[in-house]
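>>> The following comprises the amino acid sequence and a computationally predicted model.
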Amino acid sequence: MPKAVALYSGGLDSLLSILVVKQQQIEISAFKFLTGFVSPLQEEDLLLADRFGFELKEMDVREKFINILKNPKHGYGKNLNPCIDCKIIMLKEAKELMNAYKASFVITGEVVSQRPMSQKKDILIHIEKEASLAGLIVRPLSAKLLPPSKPEIEGILDRESLYDIWGRGRKAQINLAYEFGLKKLPQPSGGCLLTDPLFCKKVRDLIEHEELTVENAELLKTGRHFRLSQKCKAIVGRDERENEILLNSKKGKLIYPFDFKGPVILILNDCSQEDMDKACAIGVYYSKKKENLMVIQDREKRTEKNYKAIDKEEILKYRI
């Protein structure tokens, strides 16, 4: 039985593309590539894979992606989404997986003209060449709008059983999903945090201060973020769950209330006493008290001091 490697985003298009090809008696191993800015596989994804009979795994590409994100060759989309470079990374990884799994081609859920930056015809062809996969990528939902791939030419796939879907509409995909018996439809895409303008402000801050690492990027998903000075950053927990995450961090110093409920604050990098005082005042502000005792805890010592809450106008100067 012929084999293929598939890129799986968790969205409807990638699932449909797998199902369309699987109908032609192709054994499929699908992979979700973890960049650090998309959610990992969910239980529902694994249940779908089990139901339809294809292998589904995760592939960690965070280190490679972070390096690209700092200065993408093909630029960013509307926000900080380097969609073209991101797809090239995934396809290069998929090429390695083809060799490992003895697969004949790669499947993606791309639809012609669905996204202005990365899914125009000429861009799709360019991406193939950069990933050294010319002719080896099958896009089942739009295959009839593109040059025949090698699997189609060689008769591994029947081109007439593929589709000619294009544009941003969802009607064709929804109808196809119902044909496959999908009652609860996955979201249109896997969801990337780099398309969120507010989240991107925090990413841009790390890039500008040369602090973008896998670990620091992961912390962006927790708490309120403050740039207290050129070198000092504070992350303030918003609830009990986030406080616990910050308390368990293996880096930086911790600030927390002494005898009342309030936020845990993680202090990162080289911070002055003035920076620490700002962070403590921010902690009092979010505890909804005018003044209180705050604890500063580092790896070697613990100190306690009373602080007044920072002014609301002042806090906006530091919020990222």
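Great, that's in hand.
>>> who touches whichever helix in the chain runs longest?
In terms of residue count, the longest helix belonging to the chain (DSSP state H) is helix 83-101. For helix 83-101, contacts defined as CB atoms under 8 Å, 6 or more residues apart in numbering pick out 3, 5, 7, 29, 31, 33, 35, 59, 61, 64-65, 68, 72-75, 77, 103-106, 108, 115, 117-118, 123, 127-128, 130-133, 136-137. No exception for glycine: its C-beta is placed from N, CA and C like everyone else's.
>>> Would you mind checking the average pLDDT for that helix?
The average of the pLDDT scores along helix 83-101 is 96.
>>> Next, the buried residues of it.
The neighbour-count check on helix 83-101 (16 or more other CB atoms under 10 Å) flags 83-91, 93-95, 97-98, 101 as buried.
>>> and which of these is nearest Glu313?
Top of the list for closeness to Glu313, among these and by CB to CB, is Cys83 at 38.2 Å.
>>> Double-check Val112 against Ile123; I have them as touching.
No: shown here, Val112 and Ile123 do not form a contact pair, counting by CB atoms under 8 Å, at 9.9 Å.
>>> and the gap between the nearest residue to Asp45 once chain neighbours are set aside and Leu56?
Setting aside the residues directly before and after it, Asp45 is nearest to Gly10 in space (CB to CB, 6 or more residues apart in numbering), at 5.8 Å. As judged by CB to CB, to the nearest Å, Gly10 and Leu56 stand 10 Å apart.
>>> Give me the common contacts of the two.
Counting by CB under 8 Å, 6+ apart, the contacts common to Gly10 and Leu56 are 32, 41, 45.
>>> all helices of the stretch 101-250 of the chain, in order?
121-130, 150-153, 171-179, 197-208, 214-219, 240-247 (DSSP state H, counting those that start in this stretch).
>>> in the lowest-mean-pLDDT helix or strand in the chain, what's buried?
Comparing helices and strands within the chain by mean pLDDT, DSSP states H and E singles out strand 291-297 as the least confident, with a mean of 81. For strand 291-297, burial by neighbour count (16+ other CB under 10 Å) applies to 292, 294-297.
>>> quick one, that strand and helix 240-247 angle?
40 degrees (axes from the mean of the first three to the mean of the last three CA atoms, to 10 degrees).
>>> Neighbouring strands - and their directions - for strand 291-297?
Strand 291-297 sits in its sheet next to strand 253-257 (antiparallel), strand 302-308 (antiparallel), going by DSSP bridges.
>>> which residues touch the next helix or strand after the last one?
Counting by DSSP states H and E, the next helix or strand C-terminal to strand 302-308 is helix 312-315. Applying CB under 8 Å, 6+ apart, the contact partners of helix 312-315 are 226, 282, 285.
>>> Mind checking which of those residues land in strands?
Counting by DSSP state E, the part of the contacts of helix 312-315 found in strands is Phe226.
>>> how about low-confidence regions in the stretch 101-250 of the chain?
116-117, 187-190 (pLDDT under 70).
>>> Give me the distance between the two termini of stretch 300-316.
End-to-end distance of stretch 300-316 (CA to CA, to the nearest Å): 32 Å.
>>> Apologies, that question was intended for stretch 278-296.
Using CA to CA, the two ends of stretch 278-296 sit 12 Å apart.
>>> outside of that stretch, which residues touch it?
224, 226, 228, 234, 236, 253-263, 265, 267, 271, 276, 302-310, 312, 315, 318.
>>> Buried among the residues you listed? Make that a PyMOL selection.
Provided next is the PyMOL selection string for whichever of the contacts of stretch 278-296 are buried by 16+ other CB under 10 Å:
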select buried, resi 224+226+228+234+236+253+254+255+256+257+262+263+265+267+271+276+307+309+310+315+318
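>>> about what we covered before: can you tell me which two in the buried residues of strand 291-297 are farthest apart?
Taking CB to CB, the two most distant members of these are Asn292 and Gln297; they sit 16.0 Å apart.
>>> Walk me through the domains of this protein.
3-192, 222-315 (automatic domain parsing).
>>> Distance to Glu211 added to these, as JSON lines?
Conversion of the domains of the chain to JSON lines gives the following (distance: least, CB to CB, whole Å):
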{"stretch": "domain 3-192", "distance to Glu211": "11"}
{"stretch": "domain 222-315", "distance to Glu211": "7"}
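>>> For Asp205, which of these is the nearest?
Comparing the domains of the chain under CB to CB, the one sitting nearest is domain 222-315, at 6.0 Å.
>>> From start to finish, how long is that closest one in a straight line?
Using CA to CA, the two ends of domain 222-315 sit 18 Å apart.
>>> Hmm, Ser29 is touching Phe54, no?
Yes: the criterion here is CB under 8 Å, and Ser29 meets it with Phe54 at 7.3 Å.
>>> What is the nearest of the buried residues of helix 83-101 to His209?
Asp85 (21.9 Å).
>>> could you measure the closest one against Phe31, distance?
From Asp85 to Phe31 the distance is 18 Å (CB to CB).
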